[in-house]
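In: model this:
(2 chains)
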Amino acid sequence: MASYRFAVSVMPKAGILDPQGRAVEQSLPHLRVDNVRDVRVGRRVELTVEAEGSAEARAVVERLAAELFANPLIETWSVEAVGAASSTLSAAPR
Amino acid sequence: MKAGVVVFPGSNCDRDALHAIALAGAEAVPLWHETPDLRAADLVILPGGFAYGDYLRAGVLARFSPIMAPIREHAARGGLVLGICNGFQVLAEAGLVPGALLRNASLRFEHRWVRLSVERRDTPFTRLVPAGATLRMPVAHGEGCYYLPDADLGALEAGGRVLFRYAPPEGNPNGSLHDIAGVVDAGGRVCGLMPHPERAAEALLGSDDGMLLLRSIVESAADAAWTAGSGAAASITSGAAR
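Out: The predicted structure follows:
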């Protein structure tokens, strides 16, 4: 078994109203910033998977991304590996 | 007729729902979300609140609770399911009703009285609503902005599956597309709505319009033979007049 660390980025789909992004954008004049637009606010989930190989680990993350972290109706997501795979992290009790 | 009210960690309208559905004539029992048993309920209510703290997205974590498997089977058999507010969010995340509930366009938690138009009266949820009546009920939510992609929204409208819309004078509190406040699934037996009928179930609360829905559902659940479209208009009672 080895440990694989992933990050899943979840973003509102293009065309979906993103009131958080809009609110952030509207606050920018208070920072004296006037050359920023199209602010969108999403979510990032990081997790470690114990698996026999990276493909198996990634499959678990892809499933969680599609079923849990993102709602495919309103959000898109991307999965990236972060950090090196490690076989020592799992020595800690969990 | 037995009504089961699901209790998730963070549900906070479960006691209100039990009280109101009992007033409407049901035997009301709570259903703990970790026990996959509907206790022979004819009607399942998913109440309002903040299941699992609304973490990640409102309703999504509750979707994976053990009670959801028998609820899916109940719905597949044509059993009645009502999701109120957070319960609507759970049903939408579970795919038991179409659509998604986004953050309110105002970015605020909207808690106020609204008025609902009832788009169909030939359903198990609305059979006692008098023709032309609008219903006064409170909303209280941060994520109630109904969304469905354009093509699906057209199909939803064409299929007559929009049950409630926000109506004047108060209007749409959250930015919902087409002013949608409540929808039903393809079979017409699973309904989700954002406003709270259980908080408008006694005149003392400021309105008892919600009781029209709750009594409709109780009657429908009691009448196993009743199916959508078969004589809804005949069952309007004098108590429904206002």
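
In: hey, let's count contacts and neighbours off CA atoms from now on
Out: OK.

In: List the buried residues in the lengthiest helix in chain A.
Out: In terms of residue count, the longest helix belonging to chain A (DSSP state H) is helix A:54-64. For helix A:54-64, the neighbour count (16 or more other C-alpha atoms under 10 Å in any protein chain shown) marks A:Ser54, A:Ala57, A:Arg58, A:Val61, A:Glu62 as buried.

In: Next to chain B in this structure, residues from chain A, please.
Out: Residues of chain A lying near chain B by C-alpha under 8 Å from any C-alpha of the partner chain: A:Leu17, A:Pro19, A:Gln20, A:Leu68, A:Phe69, A:Asn71, A:Leu73, A:Ile74.

In: Just the buried subset of those residues, please.
Out: A:Leu17, A:Pro19, A:Gln20, A:Leu68, A:Phe69, A:Asn71, A:Leu73, A:Ile74.

In: Give me the distance between the single nearest residue of chain A relative to chain B and B:Leu91.
Out: Per C-alpha to the nearest C-alpha, A:Pro19 is where chain A lies closest to chain B, at 5.9 Å. Using C-alpha to C-alpha, to the nearest Å, one gets 23 Å for the distance from A:Pro19 to B:Leu91.

In: ranges for the strands of the chain?
Out: Going with chain A. For chain A, the strands defined by DSSP state E cover A:2-12, A:43-51, A:75-81.

In: oops, I was thinking of chain B
Out: B:2-7, B:27-32, B:43-46, B:80-84, B:100-102, B:110-118, B:134-141, B:145-147, B:162-167, B:180-184, B:190-193.

In: now these as a markdown table including mean neighbour count, distance to chain A and mean pLDDT?
Out: Converted to a markdown table, the strands of chain B look like this (neighbours: other C-alpha atoms under 10 Å in any protein chain shown; distance: least, C-alpha to the nearest C-alpha, whole Å; pLDDT from 0 to 100):
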| stretch | mean neighbour count | distance to chain A | mean pLDDT |
| --- | --- | --- | --- |
| strand B:2-7 | 26 | 21 | 98 |
| strand B:27-32 | 20 | 22 | 98 |
| strand B:43-46 | 27 | 20 | 98 |
| strand B:80-84 | 26 | 19 | 98 |
| strand B:100-102 | 25 | 7 | 96 |
| strand B:110-118 | 19 | 14 | 98 |
| strand B:134-141 | 22 | 15 | 98 |
| strand B:145-147 | 24 | 8 | 97 |
| strand B:162-167 | 23 | 18 | 98 |
| strand B:180-184 | 26 | 16 | 98 |
| strand B:190-193 | 28 | 17 | 98 |
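
In: Not counting its own residues, what contacts stretch B:177-189?
Out: B:75, B:78-81, B:96-98, B:116, B:123-124, B:145-148, B:161-167, B:171-172, B:190-195, B:228 (C-alpha atoms under 8 Å, 6 or more residues apart in numbering or on different chains).
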